[in-house]
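Trainee: Provide a 3D model corresponding to the input given below.
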Amino acid sequence: MRAAIHTLLAELHFAGMAQTLDRVLDGAEQAGDPPAAVLLALLGEEHRHRQERSLAYRLQQAHLPWDWSLDTFPFARQQTVDASHIRALAGLGFIDRAENLVLIGPPGTGKTGLAIGLLRQALVNGYRSRFYNAQDLIDELYASLADHSTTRLLKRLAAYDVLAIDELGYMNLKPEHANALFQLLEQRYARKSTLIAWRYSAGYGGWDFGIANTPIASLRVSTKTGQLSGTLPSIRCRDRDGAGPWHTACSVTFREASADRTLP
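Mentor: Numbering: from 1, shown residues only. The predicted structure follows:
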């Protein structure tokens, strides 16, 4: 009888139940469990199996560059970062409200690490998410112009619950590149959350795509955009002699931008 059950489970693609069938039935026979309890246990195993496969698929499709999480972020080395505030963001309420989050600062300050950690948290909680390096995203959008697949690509990118764009800023974009990016962010505006890691160097105080007189130059990011900005030490390297302070970088005071905030 068990062989017949295994055959049916395989045909129905109930891999979770098939993997645990013998263990559950052996335990039920020893404990004298009723049939309903056996069925419940098997269905629970199938549900667990499918949830794990679904998470593995979402993680694969998200294209996270590193296996980082908020648990691995070095808050002890970035003591000006309010860990409790980041943990609050990890509650993912901003996703449900379709709000955007912008992490601003020079290289090496933890923007990418926080972006990956928050994105992984979203993936674990069932949100469809995608991580992009800004240049890779621009290249993909530009390539779609050549084969006339832009509409299809934008529809796919706009559907992600969270889209993370890393290393945005200081990019010299051609007008057609900027327009493609503008279309994407416009489609996501007030519908889905976009997480941007905005890179700037010391002394740079503005938002700039390296272009002027294009829609992207005055892009509205969201009705409510949380920003992490200010002065943080770099967590990548010390000064050459190894004894100096951590290099200066971006701030960590989170604030809500006004409903009318735009990118100047």
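
Trainee: and Asp67, that's in a helix?
Mentor: No. Counting by DSSP: H, G, I helix; E, B strand; the rest coil, one finds Asp67 to be coil, located in no helix.

Trainee: The chain should start at 47 in everything you say after this.
Mentor: Sounds good: first residue 47 from here, last item Asp113.

Trainee: residues contacting it?
Mentor: Contact partners of Asp113, counting by C-beta atoms under 8 Å, 6 or more residues apart in numbering, are absent. In this view, the C-beta of every residue, glycine as well, is placed from N, C-alpha and C.

Trainee: Would you mind putting the CA coordinates of stretch 220-227 into PDB?
Mentor: Only the C-alpha atoms of stretch 220-227 are listed here, as PDB (Å, rounded to 0.1, in the frame of the first residue of the first chain):
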ATOM      1  CA  LYS A 220      22.400  59.700 -22.000                       C
ATOM      2  CA  PRO A 221      18.900  61.100 -22.400                       C
ATOM      3  CA  GLU A 222      17.500  57.800 -23.600                       C
ATOM      4  CA  HIS A 223      19.000  56.000 -20.600                       C
ATOM      5  CA  ALA A 224      17.500  58.500 -18.200                       C
ATOM      6  CA  ASN A 225      14.100  58.300 -19.900                       C
ATOM      7  CA  ALA A 226      14.000  54.500 -19.600                       C
ATOM      8  CA  LEU A 227      14.900  54.700 -15.900                       C
END
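
Trainee: Can you list the buried residues in that stretch?
Mentor: Under the neighbour-count criterion of 16 or more other C-beta atoms under 10 Å, stretch 220-227 has His223, Ala224, Asn225, Ala226, Leu227 buried.

Trainee: Would you format the residues you listed as TSV with secondary structure, pLDDT and distance to Phe60 included?
Mentor: Listed next are the buried residues of stretch 220-227 as TSV, based on DSSP: H, G, I helix; E, B strand; the rest coil; pLDDT from 0 to 100; distance: C-beta to C-beta, whole Å:
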residue	secondary structure	pLDDT	distance to Phe60
His223	helix	79	48
Ala224	helix	82	49
Asn225	helix	84	48
Ala226	helix	85	44
Leu227	helix	86	44
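
Trainee: For the residue nearest the centre of the chain, list the residues it contacts.
Mentor: Against the mean C-alpha coordinate of the chain, by C-alpha atoms, centre = their mean, the closest residue is Leu165 at 2.5 Å. Leu165 is in contact with Ala108, Leu110, Ser175, Phe177, Val208, Ala210, Leu241, counting by C-beta under 8 Å, 6+ apart.

Trainee: Next: Thr196.
Mentor: Contact partners of Thr196, counting by C-beta under 8 Å, 6+ apart, are Leu187, Ser190, Ala226, Gln229.

Trainee: now it: how far from Tyr235?
Mentor: In this structure, Thr196 and Tyr235 are 18 Å apart, going by C-beta to C-beta, to the nearest Å.

Trainee: And for Pro81?
Mentor: Between Pro81 and Tyr235 the distance is 53 Å, computed by C-beta to C-beta.

Trainee: Looking at the two, which one has more neighbours?
Mentor: Neighbour totals were compared for Pro81 and Tyr235, and Tyr235 leads with 17 against 8 (other C-beta atoms under 10 Å).

Trainee: can you pull the pLDDT of Ile262?
Mentor: In this prediction, Ile262 carries a pLDDT score of 34.

Trainee: repeat for Tyr216
Mentor: What the model reports as pLDDT for Tyr216 is 65.

Trainee: ditto for His93
Mentor: Confidence at His93, expressed as pLDDT, is 84.

Trainee: my read is it is in a strand, agree?
Mentor: No. His93 is assigned helix when assessed by three-state DSSP, not a strand.
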